[in-house]
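>>> Okay, sequence plus prediction incoming.
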Amino acid sequence: MGTVANGARVSFDCFVNGTSVTGKYGTSKMWLRVNGNAKTWVSEAVVYTGTNSATVPSCASAVPASSKSQKAVNWAKSKVGSNSYDFLCERFVENAYGTQGKFGSAIANYNAQKRAGRISTSRTNIPAGALVFSSNRAWDLGYGHVQISIGGNKFVSGGMGRNAAGRLVGPTVQIRTGLPSGYLGWSQAPGNWPGR
């Protein structure tokens, strides 16, 4: 199907067991499906995932990530103008993916995705449905911030609407254009988030 540069980050949505392959990272029967492309597979033996365990769900039980991502984007867009997520950006993105209580803050989510090797620092072509992380202590008090990409360098963000004095002056869910101040990177939503 094609190639990617050595060291490039690739997102996967699920795995199957198949033909055993020996590669740079050992021997494995696990084949990872490239996110959003049901016909493109990569042997786990040639991909550094940071673990010998599966990092995505089995394809037999997985809801396609593209479907989950699109449903999350649609839900997030439907909440624009709401005041239900005051200082609750992490809850907002978790709710978009049909879950809650996974992480206590956006920075905790970011750190977990970074430890798992799932953070891309690319500043362009961030896919719709991706979680986009930033940290700016002047605004987020050290909790970090996370929003959902809707493609085209636009994002839906919960936890917005307060001015520098802390007064609520606008809706807490807004569409934002451009990367946030203190941009850290992005990741796909964790595979164990169920989706809507």
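Here it is on my side, so go on. Bear in mind that the values here come from a model prediction, so they are computed numbers and not experimental data.
>>> Buried residues, stretch 119-137. List them.
Residues Ile119, Ser120, Ile126, Pro127, Ala128, Gly129, Ala130, Leu131, Val132, Phe133, Ser134, Ser135 are the ones in stretch 119-137 that count as buried (16 or more other C-beta atoms under 10 Å). (C-beta placed from N, C-alpha, C; glycine too.)
>>> In contact with the third one, which residues?
Contacts were defined as C-beta atoms under 8 Å, 6 or more residues apart in numbering; by that measure Ile126 touches Val132, Ser149, Gly151, Asn153, Trp186.
>>> again, but for the last one
Ser135 makes contact with Ile107, Tyr110, Gly142, Gly144, His145, Gly182, Leu184 under the criterion C-beta under 8 Å, 6+ apart.
>>> Let's see that with 6 Å instead.
Residues near Ser135 by C-beta atoms under 6 Å, 6 or more residues apart in numbering: Gly144, Gly182, Leu184.
>>> by contact count, what packs against the top helix by length along the chain?
Using DSSP state H, we find that the single longest helix of the chain is helix 65-78. Helix 65-78 sits against helix 89-96, with contacts defined as 3 or more C-beta pairs under 6 Å, 6 or more residues apart in numbering; DSSP states H and E.
>>> what about the following helix or strand past the helix it packs on, average pLDDT?
As assigned by DSSP states H and E, the chain's next helix or strand after helix 89-96 is helix 106-115. Helix 106-115 shows a mean pLDDT of 96.
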